[in-house]
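Participant: Fold the following, please.
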Amino acid sequence: MKVKLLAAAMMAAGLALAGCASHRDNAASGESRSAGEVTSDAALTAKVKTALATNAGLGTAADVNVQSYRGVVQLNGFVPTQEDIQRAVDAARKVEGVSRVDNNLQVKPQS
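Facilitator: Okay, here's the model as predicted:
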């Protein structure tokens with residue numbers, strides 16, 4: 001139940017942040033995304049975050065930032081073990097709509 005509530009909250013936050021207007025991604029290249037593309041990226045990010053928490057079991061043990069852009073998901077941050085990195089990448093790849101996963105995860109240094 002908590003996972004479903006978390007997923008719903010993350011989806012709502014992503015959609016709220018997406019806005020209604022066109023979003024300029026790269027002013028130098030003139031590239032921009034429509035409101036629908038921004039919303040799709042936000043929804044994909046929320047789905048990947050949910051998959052990391054549920055399927056990869058990375059809940060609070062990890063500090064992972066997820067960003068999505070046109071189907072490409074970037075994972076940044078720290079996880080407890082090398083196995084957690086692989087589980088996170090595998091879970092992200094299985095999410096519908098993900099075309100590629102860029103993995104920038106690292107194992108947390110031991111203190």
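
Participant: in this protein, which spans are strands?
Facilitator: 23-26, 31-33, 63-69, 72-79, 100-107 (DSSP state E).

Participant: I'd like to know which elements the longest helix anywhere in the chain is packed against.
Facilitator: Longest among the helix segments of the chain by residue count, using DSSP state H, is helix 35-54. The helices and strands touching helix 35-54, judged by 3 or more Cβ pairs under 8 Å, 6 or more residues apart in numbering; DSSP states H and E, are helix 2-18, strand 23-26, strand 63-69, strand 72-79, helix 82-93. Using the backbone N, CA and C atoms, a C-beta is placed for each residue, glycine as well.

Participant: any idea how far G59 is from A88?
Facilitator: With distances defined as Cβ to Cβ, to the nearest Å, the gap from G59 to A88 amounts to 12 Å.

Participant: Tell me which residues touch F78, please.
Facilitator: F78 makes contacts with A62, D63, V64, L105, Q106, V107, K108, as judged by Cβ atoms under 8 Å, 6 or more residues apart in numbering.

Participant: What subset of the residues you listed is buried?
Facilitator: Neighbour counting with 16 or more other Cβ atoms under 10 Å marks A62, V64, L105 as buried within those.

Participant: tell me the least confident of those residues?
Facilitator: Within the buried ones among the contacts of F78, A62 has the lowest pLDDT, namely 73.

Participant: Could you list the buried residues of the longest helix of the chain?
Facilitator: Taking 16+ other Cβ under 10 Å as the neighbour-count basis, helix 35-54 is seen to contain the buried residues 37-53.

Participant: returning to that earlier point: mind putting the strands of the chain in TSV, distance to K94 included?
Facilitator: Supplementary listing: those in TSV, determined by distance: least, Cβ to Cβ, whole Å:
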stretch	distance to K94
strand 23-26	26
strand 31-33	25
strand 63-69	14
strand 72-79	11
strand 100-107	10
